[in-house]
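> Everything below, folded, please.
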Amino acid sequence: MSTRERILHVAADLVAQSPHGDISTRAVCEAAQVGAPALYRHFGDKEGLLAAVVDHGFDQYLATKRQHEQAADPIQDLRDGWDSHVDFALRNPNLYRLMHSPAMRTPPASALESHQILTRDLERAAAQGRLRLAPELAAQMVMSANVGVALMLVARPAVFTDRSTSRRVRDAVHAAVFTADAFATPAAGGAETDRDRVASTAARLRVLLRESQSSGLSTAEVALMTEWLNRVSNTEPGR
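Below is the predicted model of the structure:
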């Protein structure tokens with residue numbers, strides 16, 4: 001194991017063991033049996049070290065997602081993805097709080113990959129005509145709700161004592177972004193309106209248009225069509 005890897009693993013262990021998730025560079029150096037110059041040479045400063053710890057933790061979380069084979073049903077993949085996200089947070093509360101701390105000015109690269117995986121699954125749902133709005137907007141809604149629930153469960157355990165809260169919020173958010181027929185029980189998604197059908201059709205057409213190699217449209221026409229379809233799929237009801 002290299003010096004950098006030893007420092008990183010020691011720092012990750014100390015973060016996990018800390019009552020409040022905070023660590024000192026001095027404690028890391030002592031545990032890793034290295035001098036402060038070695039730590040600063042590899043990570044720059046404490047923030048750089050913590051950013052590396054977060055990236056390492058996110059990478060562990062994403063390892064299971066990278067190996068996961070896509071199910072025929074993207075809705076099930078998205079439900080499982082929500083649950084595995086919350087499960088990871090509950091098993092790694094200090095690391096998870098650190099991942100989403102305002103003090104982390106530079107988001108870890110793995111966080112972007114996680115968002116891309118979510119968006120790809122939503123694009124699969126849109127291609128099947130099962131999404132009420134554009135995949136990018138749906139991804140923002142799902143991710144913000146998923147992270148919010150997970151943070152409340154790990155940061156406010158005395159208040160958020162019912163783990164079923166996660167499932168309830170998941171189902172409510174999914175009902176807002178998926179069409180009624182996306183669920184095993186149609187009623188779970190609520191009654192589908194004409195506006196929902198138009199929006200889901202627009203979202204589906206946008207994904208299919210992007211994937212098509214023979215649409216017959218120019219690059220400029222595709223860009224304009226995409227803008228129109230985004231507007232149709234993302235317009236709030238009543239607007």
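> Report the helix or strand with the lowest average pLDDT across this structure.
Each helix and strand of the chain was given a mean pLDDT (mean pLDDT, DSSP states H and E); the minimum falls on helix 194-211 at a mean of 77.
> got the contact list for the following helix or strand past that one?
Next in sequence after helix 194-211, counting helices and strands by DSSP states H and E, comes helix 219-234. With contacts defined as C-beta atoms under 8 Å, 6 or more residues apart in numbering, helix 219-234 is touched by 131-134, 137, 198-200, 202-203, 205-206, 209-210, 215, 217. Heads up, the C-betas are built off the backbone N, CA and C, glycines and all.
> which one is residue 109 nearest to, not counting chain neighbours?
residue 55 (6.3 Å; C-beta to C-beta, 6 or more residues apart in numbering).
> Give me the helices and strands touching the strand or helix carrying the one you found, please.
Secondary structure assignment for residue 55, by DSSP H and E: helix 46-67. Packing partners of helix 46-67 (3 or more C-beta pairs under 8 Å, 6 or more residues apart in numbering; DSSP states H and E): helix 3-17, helix 25-32, helix 36-43, helix 74-91, helix 93-99, helix 109-127.
> Relative to its centre, which residue of the chain is most distant?
Distance to the chain centre peaks in the chain at residue 35, reaching 36.6 Å (criterion: C-alpha atoms, centre = their mean).
> nearest spatial neighbour of that residue, skipping sequence neighbours?
Leaving out its chain neighbours, the residue that sits closest to residue 35 by C-beta to C-beta, 6+ apart is residue 29, at 6.4 Å.
> Residue 40 is in contact with that neighbour, correct?
No - judged on C-beta atoms under 8 Å, residue 29 makes no contact with residue 40 at a distance of 9.8 Å.
> Please say which of these two ends up with more neighbours.
Set residue 29 next to residue 40 and count neighbours by other C-beta atoms under 10 Å: residue 29 wins out with 19 against 15.
> related to what we said a few turns ago, check the offset of the helix holding residue 55 from the chain's centre.
Centroid separation between helix 46-67 and its chain, computed with C-alpha atoms, centre = their mean, to the nearest Å, is 13 Å.
> Stretch 139-156 now?
Distance, centroid of stretch 139-156 to centroid of chain: 9 Å (C-alpha atoms, centre = their mean).
> mind exporting that stretch as CSV, just the C-alpha atoms?
Below are the C-alpha coordinates for stretch 139-156, written out as CSV (Å, rounded to 0.1, in the frame of the first residue of the first chain):
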residue,chain,number,x,y,z
ALA,A,139,-33.3,13.5,-12.0
GLN,A,140,-33.0,16.8,-10.0
MET,A,141,-36.3,16.1,-8.3
VAL,A,142,-35.4,12.5,-7.4
MET,A,143,-31.8,13.2,-6.3
SER,A,144,-32.7,16.2,-4.1
ALA,A,145,-35.5,14.3,-2.4
ASN,A,146,-33.3,11.1,-2.0
VAL,A,147,-30.4,13.1,-0.5
GLY,A,148,-32.8,15.1,1.7
VAL,A,149,-34.4,12.0,3.3
ALA,A,150,-31.1,10.3,3.8
LEU,A,151,-29.6,13.3,5.5
MET,A,152,-32.5,13.7,7.8
LEU,A,153,-32.4,10.0,8.8
VAL,A,154,-28.6,10.2,9.6
ALA,A,155,-28.5,13.8,11.0
ARG,A,156,-31.8,13.8,13.0
